[in-house]
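1. kindly return the folded structure for what I paste below:
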Amino acid sequence: MRVLLATTDPVRLSFLIALLRDGGCDPVVLDGHIGALEGGIGAFPRRLAVPADQEPQARRILREAQETEGWR
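-> From the prediction side, this is the model:
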């Protein structure tokens, strides 16, 4: 798995997941369960990752959508 970015914004994360799925990628949210521990205040960023072989395609999709904020 390759981490593409991290964000504390659940709406943006949802949008990026949909964008990547529409582009043929299989995104995974890492650290998603931390929300239960933090009480949903958004203090801990969730990481968005894809399989290593999909990283170039995923980065191209995000770049074309101008969604590069928080890239790793």
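2. all strands for this structure, in order.
-> 2-7, 28-30, 46-50 (DSSP state E).
3. what angle sits between the first one and strand 46-50?
-> Here strand 2-7 points in a direction 150 degrees away from that of strand 46-50 (axes from the mean of the first three to the mean of the last three CA atoms, to 10 degrees).
4. returning to that earlier point: can I get the strands of the chain in a markdown table with mean pLDDT?
-> Formatted as a markdown table, those follow (pLDDT from 0 to 100):
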| stretch | mean pLDDT |
| --- | --- |
| strand 2-7 | 95 |
| strand 28-30 | 95 |
| strand 46-50 | 95 |
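5. make CSV from these and add mean neighbour count and distance to residue 14 to it.
-> C-beta here means a position set from N, CA and C on the backbone, and glycine is covered the same way. Below are those laid out as CSV (neighbours: other CB atoms under 10 Å; distance: least, CB to CB, whole Å):
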stretch, mean neighbour count, distance to residue 14
strand 2-7, 18, 10
strand 28-30, 15, 10
strand 46-50, 21, 10
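6. residues contacting the residue nearest to the spatial centre of the chain?
-> Residue closest to the average C-alpha location in the chain (CA atoms, centre = their mean): residue 48, at 2.7 Å. Contacts of residue 48 were listed using CB atoms under 8 Å, 6 or more residues apart in numbering, and they are 3-7, 13, 16-17, 20, 27-30.
7. circling back to that earlier point, which one of the strands of the chain lies closest to residue 69?
-> With CB to CB as the measure, strand 2-7 is the member of the strands of the chain nearest residue 69 (7.4 Å).
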